[in-house]
Each structure stands twice: as C-alpha cells, then as structure tokens.
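Colleague: Following is a predicted model, sequence given first.
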Amino acid sequence: MPVLVTAAHQPLARRLAARLLEEGGEVRVFTSGEVASLRAAGAFVATGTRDDEGRLEAALAQVHTVVHVGGGIASPEPDQLVRDAEVLARAATGAQVQRIVMLSLPGADPEAEEPLRAAKGRVEAVLAAVPCPTITLRLGLVDTPFVRDALATSGLGPELSDTEVAPVRAADVAELVVAFDRARSRSTDGHLVVAADGPERMSLAGYLDRVAVGGPGRGSMVGRRLPPAATVERLVAALGGPWWSTDPAIVDGWAFAGLEPGVPGVT
C-alpha cells in the first residue's frame, strides 16, 4: 500500500521521498511547490495549499503510512505547524490512513517555553489523537545545507556557540524512516515516541568545524545564503535546546530499527 510524504517541496521531505522511492513501493507526495525530480523518479504528485484539506484527503486515499515532516528549526510561524497538523489529522481520519510517522524535536512539549518546541508538542498531541498508530521520531539537529548556512552566517555569540548538540545526518534520518516503513506488519496500536539523537555530542562551533563550515571571522561566506533577521531570531531561540532525549521511557530509535547512525562530517 502507498506511503505519502507531506510538504515534499522541503529539502528534507524531498530526500525522504526519494529514499522511499528506492524501496520500490508506491510513493505519493503532497506539495505546494515544485518537485519535478520526484515526479521524474516515479512519485505520484498531488499539489495543493497547506490548508487544502479536501485535496489532501483525496491524495491519502488507500495510503497506509503518512510521513509528516513539519517545519524545521527556523520555521517562520510555529503556530502554523499546529494548524497544518490539524488539517492532516482531519484528512487522515477521513481517508482512514493506517499509520502516521512524524518528525519532531527533543523537548517537544505543549508547555515548553520555547515556541518551536511548544508547537511541536502540540503537533504530536494533535496527530496522536488520530485513530491509527502514530510514531514520533524526535531528531537531534539534522545536518542539512540550510542548517550549515544559517549557523555559519548568523553570527552566533560565544554562549550559543558552546551549546552542545547531537547532530544527525540527513541520510540517516531517511534510513530511519525507511526502516519504520518496512516494519508495517509490526505496527501496534498507540503512540510510540522514539529518540534519534546523533551518536556524538559536540558544541555548535565544534559541529561547524567538523563539517568544514566557517563562520563570521572563521572562514569564507562566499556563496552562503544569508538568513533574514527574523529567521536568525527564531533559530537562536530553537538552538537553546534540549538537543537529546533524557526520558528513559522514550525508545532509542536507532537500536529499535537496527541502525548505526554516522557522525556528520566523518566519511
């Protein structure tokens, strides 16, 4: 049965969809942007705005698993992530989707002080209320070109540069999603939360050194995208953490899936 990836115009979602296509099953994507490469690779593409519940529900017909990426650490409006989840919850319920896999963050909690983690906590609650099993993957800092550029150009102060993170390779995130998609027959009722921290903890400055990215006063900015001031403000708030899961009740996603993630910047 098909799997559908939401917001497939986002780089991480596009990468997940491409990896799922390599598994040989039917992959659908829902997007408000251009995904010609996925269409060419064999994905069934449904286009619509983020609030187009009817079109999304039609795209979800006979879909087994939805992979909901949501927004990243510089989401322009965290509350929009919750509204997107509410649209997906209604559409998935109407289409009788059998499982939802969602990407989230360590520390996601509706009561969190940091806006993004509060929104992610609300998203988790909204989708956990859908009448099908749900799996939440709480990811460490995902190593992407956008994250590298944003960190390199944001002029982070010394205190934030010393913040410890557990970065995760985007390729490993894709493998984790594929592993859970393969495990459909082992799905159980309820809401499973798994941690997907990176294998090593390091400072943000150390992470940038590891992936050979300079920063203001530390390397060339030629060719790097400069984020707007509002993006930097949201990024700084989200970077405060936490960046790994400490709750013993949360399952180690890598061990559960039988995977060994690599360290960004290490070949």
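Modeller: Sure, I can see it. Residues are numbered from 1 along each chain as shown.
Colleague: Name the SS class of the closest residue to residue 59 other than its chain neighbours, please.
Modeller: Nearest in space to residue 59, with sequence neighbours left out and distances taken as Cβ to Cβ, 6 or more residues apart in numbering, is residue 46 at 3.7 Å. For every residue, glycine as well, the C-beta is placed using N, CA and C. Assigned by DSSP: H, G, I helix; E, B strand; the rest coil, the conformation of residue 46 is strand.
Colleague: what's near enough to touch residue 46?
Modeller: 28, 29, 30, 31, 55, 56, 58, 59 (Cβ atoms under 8 Å, 6 or more residues apart in numbering).
Colleague: Narrow those to those in strands?
Modeller: Members of the contacts of residue 46 lying in strands (criterion: DSSP state E): 28, 29, 30, 31.
Colleague: closest to residue 88 among these?
Modeller: residue 30 (9.1 Å; Cβ to Cβ).
Colleague: burial of the closest one, as a residue count?
Modeller: Neighbour count for residue 30, taken as other Cβ atoms under 10 Å: 28.
Colleague: picking that back up, of the ones in strands among the contacts of residue 46, which is the nearest to residue 153?
Modeller: For the ones in strands among the contacts of residue 46, the nearest to residue 153 is residue 31 (27.1 Å; Cβ to Cβ).
Colleague: quick one on the thing from earlier: would you list the ones in strands among the contacts of residue 46 in TSV and tack on pLDDT?
Modeller: What follows is the ones in strands among the contacts of residue 46, written out as TSV (pLDDT from 0 to 100):
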residue	pLDDT
28	97
29	96
30	96
31	92
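Colleague: about what we covered before: export the contacts of residue 46 as a markdown table, with columns for distance to residue 245.
Modeller: Output for the contacts of residue 46, formatted as a markdown table (distance: Cβ to Cβ, whole Å):
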| residue | distance to residue 245 |
| --- | --- |
| 28 | 30 |
| 29 | 29 |
| 30 | 29 |
| 31 | 30 |
| 55 | 35 |
| 56 | 30 |
| 58 | 36 |
| 59 | 32 |
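Colleague: Please check the residues you listed and keep the buried ones.
Modeller: Using 16 or more other Cβ atoms under 10 Å as the burial test, the contacts of residue 46 include 28, 29, 30, 31, 56, 59 as buried.
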